[in-house]
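Novice: Sequence plus the predicted model coming up.
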Amino acid sequence: MPSEATPPAPFDVADPTDADDAARLLTERYAAGADRLAWQEQGVTLSPEAAALAVLGDPSPSPDALVALVALTPRGQDVWDLYEHLAMTLARSLEQPVPWETLGRALNTSKQGAKQRFERRQRDAARLDAYRPELERPRPAAAGQRAWLDEHAVELRHVVTLLQFHRAELLAIDTHVAFAVHDLGRIHYMLGDADVLAGARRVMAAIEQAQQDRAALPSWDQVRLTERAWQVVDRLAVLVKLAP
């Protein structure tokens with residue numbers, strides 16, 4: 001999908017089920033700062049990652065924004081399948097649910113195809129949880145933890161979302177870290193704040209174990225991640241350390 005488009009078109013005629021229109025609609029709706037300037041002057045749309053974070057970070061996303069996100073998300077990647085399913089769940093949970101026919105157009109399939117895709121994702125999650133009894137029900141927040149979560153849960157979940165976009169990079173540390181991050185993404189989607197914090201602790205424990213396992217190497221710096229990935233990992237470490 002091209003990252004550039006013609007300068008903004010009238011949005012009363014935009015089709016959120018079309019991937020190009022979806023990119024324009026979400027950029028017009030959510031772009032700020034340098035992204036807003038690039039859009040207004042050059043027609044450069046938000047990346048799918050930035051658009052997804054904006055929509056899913058919106059406490060009250062509109063139906064057309066949710067449909068646009070479904071249309072915009074790349075297919076066949078676990079993290080994007082997760083966000084697509086979340087957008088569809090939110091769209092179907094509205095007071096006036098988005099019709100399956102509309103979601104089908106966004107997915108380039110039929111009304112029935114969209115419904116089957118959604119239901120298949122739900123069944124997959126249920127089957128996977130059968131092998132993970134500890135994820136079957138949300139855990140209550142520990143004493144003293146609830147107040148911290150009330151203040152920091154939104155930031156924690158935002159960092160967890162960012163971390164999912166770097167999961168492939170985290171394989172450079174080891175597979176245990178990558179699997180812990182994958183699990184954390186599922187917990188973030190399905191369970192409560194206390195579970196997300198517990199999952200974040202497991203990610204940091206996996207990273208610390210990997211550091212110990214690599215102690216015999218000349219340098220931990222042999223692990224090459226992008227600067228952005230390290231920033232996200234460092235921010236998660238800070239939050240986990242501060243949490244009671």
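Specialist: On my side now, so go ahead.
Novice: going forward, measure contacts and count neighbours with C-alpha atoms only.
Specialist: OK.
Novice: Burial check on the residue nearest to residue 38 when sequence neighbours are not counted, number of neighbours?
Specialist: The shortest distance from residue 38 to any non-neighbouring residue, by C-alpha to C-alpha, 6 or more residues apart in numbering, is to residue 44 (5.5 Å). If you count neighbours by other C-alpha atoms under 10 Å, residue 44 ends up with 22.
Novice: Dig out what residue 44 forms beta bridges with.
Specialist: Under DSSP bridges, the beta-bridge partners of residue 44 are residue 4.
Novice: Does it touch residue 28 like I think?
Specialist: No: Residue 44 is beyond contact range of residue 28, at 10.4 Å (criterion: C-alpha atoms under 8 Å).
Novice: For the helix or strand bottoming out on mean pLDDT in the chain, name the packing helices and strands.
Specialist: The least trusted helix or strand in the chain, going by mean pLDDT, DSSP states H and E, turns out to be helix 167-170, with a mean of 72. The helices and strands touching helix 167-170, judged by 3 or more C-alpha pairs under 8 Å, 6 or more residues apart in numbering; DSSP states H and E, are helix 175-190.
Novice: could you dump the helix or strand just after the helix it packs on to PDB, C-alpha only?
Specialist: The element immediately downstream of helix 175-190 (helix or strand, assigned by DSSP states H and E) is helix 193-213. This file holds the C-alpha atoms of helix 193-213, laid out as PDB (Å, rounded to 0.1, in the frame of the first residue of the first chain):
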ATOM      1  CA  ASP A 193      -4.900  -4.800  34.000                       C
ATOM      2  CA  ALA A 194      -3.400  -7.100  36.700                       C
ATOM      3  CA  ASP A 195      -2.900  -9.900  34.100                       C
ATOM      4  CA  VAL A 196      -1.200  -7.400  31.800                       C
ATOM      5  CA  LEU A 197       1.200  -6.400  34.500                       C
ATOM      6  CA  ALA A 198       1.900 -10.000  35.400                       C
ATOM      7  CA  GLY A 199       2.600 -10.700  31.700                       C
ATOM      8  CA  ALA A 200       4.900  -7.700  31.500                       C
ATOM      9  CA  ARG A 201       6.800  -9.100  34.400                       C
ATOM     10  CA  ARG A 202       7.300 -12.400  32.600                       C
ATOM     11  CA  VAL A 203       8.600 -10.600  29.500                       C
ATOM     12  CA  MET A 204      11.200  -8.700  31.600                       C
ATOM     13  CA  ALA A 205      12.100 -11.900  33.400                       C
ATOM     14  CA  ALA A 206      12.700 -13.600  30.000                       C
ATOM     15  CA  ILE A 207      14.900 -10.700  28.900                       C
ATOM     16  CA  GLU A 208      16.900 -10.900  32.200                       C
ATOM     17  CA  GLN A 209      17.300 -14.600  31.800                       C
ATOM     18  CA  ALA A 210      18.600 -14.200  28.300                       C
ATOM     19  CA  GLN A 211      21.100 -11.600  29.600                       C
ATOM     20  CA  GLN A 212      22.400 -14.100  32.100                       C
ATOM     21  CA  ASP A 213      22.500 -16.900  29.500                       C
END
